[in-house]
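A.B. asks: Sequence and predicted structure below; questions after.
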Amino acid sequence: MEFPRSHRLELELTSNCTLSCPQCPRVTRWDKRHEWHNGNIDSSALEDAIDDHVQMVAFAGSYGDGIYHKNFVDVLAMMKRKGLDISVDTNGSYIKQDKWNQIAEVISDMGTSCRFTFSIDGPHDNFTTYRVNGDWPSIELGIRTLAKAGVRRLVWKYIVFKYNSSYEDIKRAYDKAWELGCRGFQLVHTQRTAPGQFVAVEDFTDNLDRLEDYVAELEETRWNH
């Protein structure tokens, strides 16, 4: 059986990350890190490795966060020169203002061809329950910097666990996302949870309905003003 080759390439640029999320394989397989902790991809080899078939590159991965690659900004710029769509999924912690400025300079004029997603599982004051060692000030700095630079597709991704499934938590996160400049708010259900943190969809469906009503009212107000 043959499968057509995808136009989408997923790149795990590095096995480095600053977080210790309980169900991340870098935590659950820490005793096997000699098998997966390989450092950084050689960025100088990427340009030749990506041929004309590739149309979109997603910076993601199972073990590492691409933003911690030492040449991340240069890699972004190279993808942009190639005319590729870009998707970045990051936790965004501990990145300094200078690097955020460099990232913003590269992607600010890419319009809808660049999506930048911040994984923040809860409102800013409890998301570290799962995103252990997350650093809110640097995440907020990153979102504000990219939004101010005109990056259009900024997304707050929120995995729903028991600790963050209340309407109040989801609403506070949505409000903060909008305030900072994220115009995408993505709720994700998962069964890969820490012990005691699984929440069934039916257990927070009413909260989702309330959020939809809340957002609809806000959008009507924004439209009228």
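C.D. replies: It's in.
A.B. asks: which residues touch the lengthiest strand in the chain?
C.D. replies: What stands out as the longest strand in the chain, according to DSSP state E, is strand 153-160. By C-beta atoms under 8 Å, 6 or more residues apart in numbering, the surrounding residues in contact with strand 153-160 are 89, 112, 114-122, 130, 143, 146-147, 164, 170, 173-174, 176-177, 181-190, 199, 204. Bear in mind the C-beta positions are built from the backbone N, C-alpha and C, glycine included.
A.B. asks: who does that strand pair up with?
C.D. replies: Strand pairing for strand 153-160, using DSSP bridges, gives strand 114-119 (parallel), strand 184-189 (parallel).
A.B. asks: the inter-axis angle of the helix or strand just after the first one versus strand 114-119?
C.D. replies: Put plainly, it is strand 114-119. Downstream of strand 114-119, the next assigned helix or strand under DSSP states H and E is helix 136-148. Interaxial angle, helix 136-148 versus strand 114-119 (axes from the mean of the first three to the mean of the last three C-alpha atoms, to 10 degrees): 160 degrees.
A.B. asks: Need the winner for burial among the strands paired with strand 153-160.
C.D. replies: Comparing the strands paired with strand 153-160 by mean neighbour count (mean count of other C-beta atoms under 10 Å), strand 114-119 ranks first with a mean of 23.
A.B. asks: so how far is that one from its chain's centroid?
C.D. replies: Computed by C-alpha atoms, centre = their mean, to the nearest Å, the separation of strand 114-119 from the middle of its chain amounts to 5 Å.
A.B. asks: what about that strand, average pLDDT?
C.D. replies: Strand 114-119 carries an average pLDDT of 98.
A.B. asks: Mind exporting the C-alpha coordinates of that strand to CSV?
C.D. replies: Written as CSV, here are the backbone C-alpha positions of strand 114-119 (Å, rounded to 0.1, in the frame of the first residue of the first chain):
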residue,chain,number,x,y,z
CYS,A,114,1.8,32.1,10.1
ARG,A,115,0.0,30.7,13.2
PHE,A,116,1.6,31.1,16.6
THR,A,117,0.0,29.0,19.4
PHE,A,118,0.7,29.4,23.1
SER,A,119,-0.1,26.2,25.1
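A.B. asks: Please list all residues in contact with residue 143.
C.D. replies: Taking C-beta under 8 Å, 6+ apart, we find residue 143 in contact with 92, 118, 154, 156, 180-182.
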